[in-house]
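A.B. asks: Need coordinates for the below:
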Amino acid sequence: MALVKKGAPPALILHGRDDRTVRPWNSRALAEALQQAGSEVRKVEYEDIGHTGLVLAIAGPLRWRAPVLQDILDFLARFRG
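C.D. replies: Numbers count the residues shown, from 1 in each chain. I've put the predicted structure just below:
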């Protein structure tokens, strides 16, 4: 968060509420710092997902766990040229 500067690109911050590796408050603080610097931020927290579960939910067989891939695609679609 100390490196957040004005002019940062839009950010998508995804976090599992069951993450015990990186606590959710870290993502919340980063999102707030980016917003205060004027960056567009979309922050999504997923219930019942941990640190690796969030990444695994991108894989076809595990997409039922959380709409991580769709959230990423929707975010990227907003900034397509």
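
A.B. asks: Please count neighbours and contacts with C-alpha atoms only from this point.
C.D. replies: Fine.

A.B. asks: Please list all residues in contact with S39.
C.D. replies: K6, G7, A8, P9, P10, A11 (CA atoms under 8 Å, 6 or more residues apart in numbering).

A.B. asks: Residue ranges in this protein under the pLDDT threshold?
C.D. replies: 81 (pLDDT under 70).

A.B. asks: can you give me the strands in it?
C.D. replies: 11-16, 41-46 (DSSP state E).

A.B. asks: Would you pull up how far stretch 53-65 lies from the middle of the chain?
C.D. replies: Put simply, stretch 53-65 sits 15 Å off its chain's centre (CA atoms, centre = their mean, to the nearest Å).

A.B. asks: Can you give me the end-to-end span of that stretch?
C.D. replies: Taking CA to CA, to the nearest Å as the measure, stretch 53-65 stretches 8 Å from start to finish.

A.B. asks: Need the contact partners of that stretch.
C.D. replies: Outside stretch 53-65, the residues within contact range by CA under 8 Å, 6+ apart are L14, H15, G16, I49, A66, P67, V68, L69.

A.B. asks: Return the set of residues that bridge with the first one.
C.D. replies: For L14, the beta-bridge partners under DSSP bridges are V44.

A.B. asks: and it, how many neighbours?
C.D. replies: 19 (other CA atoms under 10 Å).

A.B. asks: again with the fourth one
C.D. replies: Applying other CA under 10 Å, we find 19 other residues in the vicinity of I49.

A.B. asks: Distance of it relative to L56?
C.D. replies: 10 Å.

A.B. asks: got it, and R78?
C.D. replies: Relative to L56, and taking CA to CA, R78 is found at 24 Å.

A.B. asks: Neighbour count: these two, which is higher?
C.D. replies: L56 (18 against 8).

A.B. asks: Can you tell me how far that one is from L69?
C.D. replies: Distance from L56 to L69, by CA to CA: 10 Å.

A.B. asks: same thing with R17?
C.D. replies: For R17, the distance to L69 equals 17 Å [CA to CA].
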